[in-house]
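J.: structure for this input, please:
(2 chains)
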Amino acid sequence: MWQPDREHSDPPRGASGRRRGWLVGLVLLVVAVLAVSLTLRHERAQAALARALLQTYPQDVTAHPVLVRFAQAQARPLYAKYCAACHGADMRGNLVLGAPSFLEHDWLWGDGTVFQIERIVMYGIRSGNPKALNVTDMPAFGLMGRLTDGQIRELVQYVMKLSHRPYDAEAANAGDMLFHEDRVNCYDCHGPYARGDPDYGAPNLTLDVFYNGGDAQSIYDSIYYGRHRMMPAWDGKLSLEQIRALAVYIHEAAKDAPPRPAGELAALN
Amino acid sequence: MLQKVTQRISLTRRLWRQLAHWSVPPQRGLALPLAGMALGLALAGIGIFREAPHQLTSVPPGYVALVNQQGILTSDFISQVATEAEEPFDQTTPAQRAQVLDEMIDKELLVQRALVLDLPETTTEVRTVMADAVNAQAGAPLLAEEPTEAQLRAYYNAHLDRYSTQGTMTVINLVLHVGGYQNADQTIGQAEADAVEAVYQLRSGSPIDYIEEHFGFVDASPQYDTQQLDFAARLHLGPQLYRIASTLGSGEFSDPIVQSDGVHVLVMRQRQPPAAEDFASARAQVYTDFRLAESDVAVQQNLKLLRSRAQILLAPGLSE
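T.: Sure thing, here's the model as predicted:
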């Protein structure tokens, strides 16, 4: 009967072989313990940062670079998932939807502080949430028959003048009078100098920043059909920590945005 | 084939015989129920002695206070402080913040008490506010989109009866009182006969003053003998007299109208009937009505959804 050649196929294990085995096992154990400990430590540190992010008053968060970095890391995927669809992956907004760009150094609602951004993310704009921003909206002056086609065209020229674009002087003067007329009442929301009112979400018309397009036709449409921007309330859908992180992320992106070159501005609008 | 069937039958019989003689060893027979009992007791013990639901003993991040486990959001606190102090939060004093926090805690306590007292169930005002808030939430998304010109026109065409200018009338309401009313001692029949004669004479050109004096008519509402919008005239005359008045033209007289206080005759001095408004002049109203109708659709849809998820039982004999 054939017998295997034990000498060649299964060499006897010596003391050094066993030692090597123990050593490898020990190294693996140490590596595993280290990995687990580092993971736990990292998780504890993340949890501590999340707590600190929420325990710090929103206006004070930006004074802590560690918190800002943490918030940015947390918010980046959240922004891509929940905000980019309307405000754009590059944060430059969407003219069709009227979703504002965050990079214009101008805020439609509020003053652009972390707190204000956080409130808007949390409760939304005209979202139906009782705490949402919902003071007024841009009336549909044409649709409601409060202004004629000619009057709207005059107002368009006045807005073009305000935003430093080519305009028809005669029509713009007539538009100026309409703008300040009690019957039309544009100045009530946009202010007597057309610099807007962030409490009403009324845009500053002197900045050449238009969230629904700044060409004559888009401005005409804004006056004729009105604007009724909406933003959902994320309260209850995102955690407080996620909302704070998003607010910090948007705030920092807006703060660091370079001034837009005039050519690019004209192309966008 | 037959052999196979016979073999199978005998196999089955053998199996049945074995099963019939099978018995559980006495130890195993006791062990299983005991194990089951122990498991049952253990589960019951866990249920009875388990710790009560976790109670928060410190304020979680993102909140400024916990009132009976109900949090007050830091964000709401900052907003409230800034609103009450009328200055940015970071410029407010600790005393201002403490005062606002006190107020917010008080309010939370009152709201919790309201829930304990079941105010949403018992207080009309609370129920109304809650229902209105839900309706507003339901209608909000629909209002995001402005209607088109075609939608407004279609709505106007479908509701033409709603779009007319208010009519005006200057009407005199003469009345012959009956029974004991204002010391009148005539019967309805007598008053009605007099009123028929009075109307005949009025239509023949007799002056109103003469008719008033001759038949003993009283002007029932002399303070309203001026031009009034239709809705005001309706309030003053009441629905029955208004319905008749609105059919009269300028200078016309009504037939006698019998009411509980006597027999009335209406004299229409001047009448401007309501006129249909064209789309351009009714536009603002059409727009408002369209928006309201849209909201109403959202509210109804929301109610439909709520009803589809609700269990609603009606008492016998009742139906919706």
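J.: gap between B:S281 and B:S164?
T.: Distance from B:S281 to B:S164, counting by CB to CB, to the nearest Å: 11 Å. From N, CA and C alone the C-beta is placed, and that goes for glycine too.
J.: would you map out the domains in the chain?
T.: Picked chain A for this. Using automatic domain parsing, the domain parsing of chain A gives A:18-55, A:65-268.
J.: ah, no, chain B please
T.: Using automatic domain parsing, the domains assigned to chain B come out as B:63-117, B:124-160+B:277-308, B:168-272.
J.: any idea how far apart the tips of the first one sit?
T.: Put plainly, it is domain B:63-117. One end of domain B:63-117 to the other measures 26 Å (CA to CA, to the nearest Å).
J.: could you do stretch B:142-149 as well?
T.: Terminal residues of stretch B:142-149 lie 17 Å apart, using CA to CA.
J.: quick one: buried residues of stretch B:103-112?
T.: Neighbour-count burial for stretch B:103-112 flags B:104, B:108 (criterion: 16 or more other CB atoms under 10 Å in any protein chain shown).
J.: again, but for stretch B:174-193
T.: Buried positions in stretch B:174-193, judged by neighbour count with 16+ other CB under 10 Å: B:174-178, B:184, B:186, B:191-192.
J.: can I get the residues you listed in JSON lines including secondary structure, pLDDT and distance to A:M144?
T.: Converted to JSON lines, the buried residues of stretch B:174-193 look like this (DSSP: H, G, I helix; E, B strand; the rest coil; pLDDT from 0 to 100; distance: CB to CB, whole Å):
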{"residue": "B:L174", "secondary structure": "strand", "pLDDT": "93", "distance to A:M144": "45"}
{"residue": "B:V175", "secondary structure": "strand", "pLDDT": "93", "distance to A:M144": "46"}
{"residue": "B:L176", "secondary structure": "strand", "pLDDT": "91", "distance to A:M144": "51"}
{"residue": "B:H177", "secondary structure": "strand", "pLDDT": "87", "distance to A:M144": "51"}
{"residue": "B:V178", "secondary structure": "coil", "pLDDT": "82", "distance to A:M144": "53"}
{"residue": "B:A184", "secondary structure": "coil", "pLDDT": "67", "distance to A:M144": "55"}
{"residue": "B:Q186", "secondary structure": "coil", "pLDDT": "78", "distance to A:M144": "57"}
{"residue": "B:A191", "secondary structure": "helix", "pLDDT": "88", "distance to A:M144": "53"}
{"residue": "B:E192", "secondary structure": "helix", "pLDDT": "90", "distance to A:M144": "52"}
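J.: neighbours of A:S163, how many?
T.: Using other CB atoms under 10 Å in any protein chain shown, the number of residues around A:S163 comes to 19.
J.: does the longest helix along chain B reach chain A?
T.: If you go by DSSP state H, chain B has its longest helix at helix B:279-309. Yes - using CB under 8 Å from any CB of the partner chain, helix B:279-309 reaches chain A at B:280-281, B:283-284, B:287.
J.: again, but for stretch B:143-150
T.: Yes - counting by CB under 8 Å from any CB, chain A has neighbours in stretch B:143-150: B:143-147, B:149.
J.: what does that stretch rub up against?
T.: Stretch B:143-150 is contacted from outside by A:126, A:140, A:143, A:225-226, A:228-230, B:155, B:287, B:290-291, B:294-295, using CB atoms under 8 Å, 6 or more residues apart in numbering or on different chains.
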